[in-house]
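Engineer: need a 3D model of the sequence below.
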Amino acid sequence: MMQCNRCGRELAEGQTFCLCGCRVDHITGGSMETAIYPGGSISSGKQKIIVAVVSVIAVILTVAMILWFIMGLDRYRVTHESQWEYISRAEYSMEIPKGMQEGTVIQMDPSMQTLDCFINNEVCITISVLRFTEEQQKIIESMDFTELLMQLFPEQSINGVTLVPVQRDDMIYVQYPRTTSALFPRTDQVWVTDACVIAEESLYEIEISCPTVRYDAYKDCILAWLDSFTLR
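Structural biologist: Residues are numbered from 1 along each chain as shown. Purely as a prediction, here's the structure:
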């Protein structure tokens, strides 16, 4: 026999409703039987739904916290010089943030060869090279190529922004905005710093991209990485 949780009346085996109007819920798989009434205990079906919803929310929050931690770590590595490292390649060496992954780049200009691409959630660094032909080499040797670049850049614009060349030692760089969803997970608005260095037989391009909203915080770091670029 079982009792109604509301009025305490004894209920017969198999009885569905108590005389007081309370619904009886028989829980199988054990000796416990419970009378359910409005405002009373929660049925097993509802409990399963609540547990499922809570589990989903917990998973979402866990993933969000992991992503937040990773992105926070990437930002820390970008802005703290102690978290940078030197990379050394056959043709160059330079300093970049630790923990960056190697990526791939599809070159729009077939004459350019991508040497390396490094990326994390906050920064993308691409190093490319243009090998001069004999004819190009002769032309370059007969003129001040740095001065030529300084003259050419102001006549060009990208995405409505006129390129303003800045000379930094033996390097010239320009900056412009780009819209792309292929680089960073939380934005498609990207700010590009595109630098060129002339060698005897080649032109090296160092392109550093970051989310536009982060540029003010990263600009000194970007210039420091460019300054560290050395041809071997």
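
Engineer: domain map for the chain?
Structural biologist: Taking automatic domain parsing as the reference, the chain has its domains at 1-41, 73-231.

Engineer: can you tell me which of these is most buried?
Structural biologist: Ranked by mean neighbour count, the domains of the chain are led by domain 73-231 with a mean of 15 (mean count of other C-beta atoms under 10 Å). Quick note: C-beta positions are derived from backbone N, CA and C, even for glycine.

Engineer: related to what we said a few turns ago, export the domains of the chain as CSV, with columns for mean pLDDT.
Structural biologist: Listed next are these as CSV, based on pLDDT from 0 to 100:
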stretch, mean pLDDT
domain 1-41, 57
domain 73-231, 87
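
Engineer: so which strand or helix has E135?
Structural biologist: Under the criterion of DSSP states H and E, E135 resides in helix 134-141.

Engineer: what's that helix packed up against?
Structural biologist: Under the contact criterion of 3 or more C-beta pairs under 8 Å, 6 or more residues apart in numbering; DSSP states H and E, helix 134-141 touches no helix or strand at all.

Engineer: ok, and what's touching that helix?
Structural biologist: 132, 198, 201 (C-beta atoms under 8 Å, 6 or more residues apart in numbering).

Engineer: mind checking how far the nearest residue to the last one once chain neighbours are set aside is from W225?
Structural biologist: Excluding its sequence neighbours, the residue lying closest to E201 (C-beta to C-beta, 6 or more residues apart in numbering) is F132, at 5.4 Å. Here the criterion is C-beta to C-beta, to the nearest Å. By it, F132 lies 25 Å from W225.

Engineer: go on, Y176?
Structural biologist: Separation of Y176 from W225 (C-beta to C-beta) stands at 18 Å.

Engineer: over to P185?
Structural biologist: Applying C-beta to C-beta to P185 and W225 gives a distance of 22 Å.

Engineer: please apply the same query to E205.
Structural biologist: Computed as C-beta to C-beta, the E205 to W225 distance reads 14 Å.

Engineer: with T104 instead?
Structural biologist: Where W225 is concerned, T104 sits at a distance of 20 Å (C-beta to C-beta).

Engineer: ok, now E91?
Structural biologist: Distance from E91 to W225, by C-beta to C-beta: 17 Å.

Engineer: for T79, same thing?
Structural biologist: Going from T79 to W225 by C-beta to C-beta gives 12 Å.

Engineer: the chain: helices as residue ranges?
Structural biologist: Taking DSSP state H as the test, the helices found in the chain are 44-79, 134-141, 145-152, 215-228.

Engineer: nearest residue to D194 in space, please, no chain neighbours.
Structural biologist: Nearest to D194 is E207, by C-beta to C-beta, 6+ apart, at 5.0 Å.

Engineer: correct me if wrong: that neighbour contacts C196.
Structural biologist: No: using C-beta atoms under 8 Å, E207 is not in contact with C196; the gap is 9.9 Å.
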